[in-house]
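Engineer: Predicted structure and sequence below. I'll ask about it afterward.
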Amino acid sequence: MQAPDANALQGRRILLGITGSIAAYKAAVLARLLVRAGAEVRVVMTPLAKQFITPLTMATLTKHPILVDFFDPENGAWNSHVALGEWADCYLVAPATANTLAKMVAGVADNLLLTTYLSARCPVIVAPAMDLDMYAHTATQHNLAALAARGVRIVEPTEGELASGLQGKGRMAEPEQIVASLGAFFTEKKKLTGRHYVVTAGATIEPLDPVRFLSNHSSGKMGYAIAEALARRGARVTLVSGRTALAVPAGVERVDVLTAEEMYRAASEAFERADGAVMCAAVADYTPAEVADRKMEKGEGELIVRLKRTRDIAAELGARKGSRLLVGFALETHDEEAHAESKLGRKHFDFIVLNSLRDAGACFRGDTNKVTLIDRAGREELPLLSKREVAERIADRIETLNA
Ligand code: C5P
């Protein structure tokens, strides 16, 4: 991510949504920092948030009335959530409770903050704040993933002492950090505008009969994160996807495929019109030589299945890439670097992303990855990062190579 420029927030219209969390007290500092950075700030609060911080405090800091109710009980005037959403350059919900995040996912509209979310046309950023177990809960993690897949940006909570007295991840990011993320968001230049990339992702499925198939453990998360990172930088992205449970990232065009052969056809057709491709899919190397058209019945003895080679999609695109960019992945269990370097040359990748299954945190379904980026000039070993962060680093390299 580029360093935000000091004037990034000058004149920006920030709608600050405050929900009912103890971290709401930090919203006062946040609003003050935003105003000091030159932003115009309006505040919408949930009814519960008023119990943590007063509207008077927020109104004094932002010099605007605070909106909580759908209408003013004094004179019956409506507070228009549509107008608020249209006014804002960015809707920042900080703190965002588990409850509000869940309602945002489901489209519940039982307060002004949520109706504004549903009608907002501007980018949305959330800064979650909650107890560590609530944050780690599958429900919350699913909700955050669903929001991220819709293009909502998340300023991750930090680790530390929580209001419950427990220690762990769930503390809302400090106001300074939220302001920095917002600044980075506004300065981020869409440097890949006008470019078109193909990203392959997920596992292919090779049928044995109408019921069974051969496949692998790939979740598709890494490829989806790359597609999302490229799209956010302005690129057109064709995501050729094997079977996954993931939602299509915002602004990405997905082509669903099943087998390696289907993936080959879809990827090579899209590659013709593209500026490059990132080959992230876990493609089957072998497929059953014959596919039974009826369910195979079991017999007494062993079953021998004959397999034939599939096409190596990356190698075929590499052979005809010309000046287009090609990025590969190598998942290895031994002699990692030697294998990755050989693939870099053989498949004509511009760089290859090596993961080793021997590294803790680099597992199939997880949200983290530990990779080394290898090109002809050398290696860059990255620390254990979230898959989203790894995707950002890969997108940074693509940006540099395409500059
Ligand atoms: O040779 P290996 O399968 O380890 O190479 C991994 C790289 O090649 C990955 O980028 C993967 O997406 C790509 N690949 C492919 N088609 C295949 C096999 C691998 O595109 N049939």
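Structural biologist: Right, received. Where do you want to start? Residues are numbered from 1 along each chain as shown.
Engineer: so V105, which of the three states?
Structural biologist: helix (DSSP: H, G, I helix; E, B strand; the rest coil).
Engineer: so where's the stretch 201-350 of the chain shaky on pLDDT?
Structural biologist: Judged by pLDDT under 70, the stretch 201-350 of the chain has no weakly predicted residues.
Engineer: Contact residues of it facing the ligand?
Structural biologist: Residues of the stretch 201-350 of the chain lying near the ligand by Cβ under 6 Å from any ligand atom: 260, 279-281, 283, 285, 310, 312-314, 328-330, 343. The C-beta positions use only the backbone N, C-alpha and C, and glycine is treated the same way.
Engineer: Mind doing that once more with 8 Å?
Structural biologist: 260, 263-264, 267, 279-285, 310-315, 317, 327-332, 339, 343, 347, 349 (Cβ under 8 Å from any ligand atom).
Engineer: Just the buried ones from the residues you listed?
Structural biologist: 260, 263-264, 267, 279-284, 310-315, 317, 327-332, 339, 343, 347, 349 (16 or more other Cβ atoms under 10 Å).
Engineer: Looking at those, which are in helices?
Structural biologist: 260, 263-264, 267, 313-315, 317, 339, 343 (DSSP state H).
Engineer: Now those residues in a markdown table, please, with extra columns for distance to A289.
Structural biologist: Below are these laid out as a markdown table (distance: Cβ to Cβ, whole Å):
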| residue | distance to A289 |
| --- | --- |
| A260 | 14 |
| M263 | 19 |
| Y264 | 17 |
| A267 | 23 |
| I313 | 20 |
| A314 | 23 |
| A315 | 21 |
| L317 | 25 |
| H339 | 27 |
| K343 | 26 |
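Engineer: The nearest residue to K190 once chain neighbours are set aside: what's it in contact with?
Structural biologist: In space, and not counting its chain neighbours, K190 is closest to G234: 3.1 Å by Cβ to Cβ, 6 or more residues apart in numbering. Going by Cβ atoms under 8 Å, 6 or more residues apart in numbering, G234 touches 190-195.
Engineer: Closest to G17 out of these?
Structural biologist: K190 (25.4 Å; Cβ to Cβ).
Engineer: Roughly how far does the closest one sit from the ligand?
Structural biologist: The gap separating K190 from the ligand is 26 Å, by Cβ to the nearest ligand atom, to the nearest Å.
Engineer: again with G366
Structural biologist: 19 Å.
Engineer: Roughly how far does that residue sit from G345?
Structural biologist: From G366 across to G345, the span is 30 Å (Cβ to Cβ, to the nearest Å).
Engineer: related to what we said a few turns ago, quick check on the contacts of G234: which are buried?
Structural biologist: 191-192, 195.
Engineer: Point me to the residue of the stretch 101-250 of the chain nearest the ligand.
Structural biologist: T200 (5.7 Å; Cβ to the nearest ligand atom).
Engineer: how about the closest residue in space to that residue that isn't next to it in sequence, phi and psi?
Structural biologist: In space, and not counting its chain neighbours, T200 is closest to A281: 3.7 Å by Cβ to Cβ, 6+ apart. Per-residue torsions, A281: phi -70, psi 150 (degrees, to the nearest 10).
Engineer: Show me which residues of the stretch 51-200 of the chain are close to the ligand?
Structural biologist: Residues of the stretch 51-200 of the chain lying near the ligand (Cβ under 8 Å from any ligand atom): T200.
Engineer: those helices in the stretch 51-200 of the chain, which residues are they?
Structural biologist: 55-62, 81-87, 98-106, 112-119, 132-136, 138-149, 175-187 (DSSP state H, counting those that start in this stretch).
Engineer: mean pLDDT for those: which is lowest?
Structural biologist: The stretch with the lowest mean pLDDT among the helices of the stretch 51-200 of the chain is helix 81-87, at a mean of 79.
Engineer: Could you check that one and say which residues are buried?
Structural biologist: 81, 84-85.
Engineer: How about stretch 250-270?
Structural biologist: 252, 254-255, 257, 259-268, 270.
Engineer: Stretch 103-111 now?
Structural biologist: 103-105, 109, 111.
Engineer: Among the residues you listed, list the two that are farthest apart in space.
Structural biologist: Farthest pair in those, by Cβ to Cβ: V105 and N111, 15.4 Å.
Engineer: residues contacting the closest residue to G251 other than its chain neighbours?
Structural biologist: By the measure of Cβ to Cβ, 6+ apart, the closest residue to G251 outside its immediate chain neighbours is A231, 4.1 Å from it. By Cβ under 8 Å, 6+ apart, the contact set of A231 is 237, 249-252.
Engineer: which ones among the residues you listed are found in strands?
Structural biologist: Among those, the ones falling in strands (DSSP state E) are 237, 252.
Engineer: and of the ones in helices among the buried ones among the residues of the stretch 201-350 of the chain next to the ligand, the nearest to D293?
Structural biologist: Of these, the one sitting nearest to D293 (Cβ to Cβ) turns out to be A260, at 19.8 Å.
Engineer: So what does the spatially closest residue to the closest one that is not a sequence neighbour look like in phi/psi?
Structural biologist: Distance criterion Cβ to Cβ, 6+ apart; nearest residue to A260, sequence neighbours excluded, is T310 at 3.8 Å. Phi and psi for T310, reported as degrees, to the nearest 10, are phi -90, psi 180.
Engineer: quick one: T310 from V108, how far?
Structural biologist: Taking Cβ to Cβ, one finds T310 at 46 Å from V108.
Engineer: go on, A23?
Structural biologist: 21 Å.
Engineer: Tell me how many other residues crowd E161.
Structural biologist: 10 (other Cβ atoms under 10 Å).
Engineer: Hmm, I typed the wrong one, I wanted R233.
Structural biologist: Other residues close to R233 by other Cβ under 10 Å number 20.
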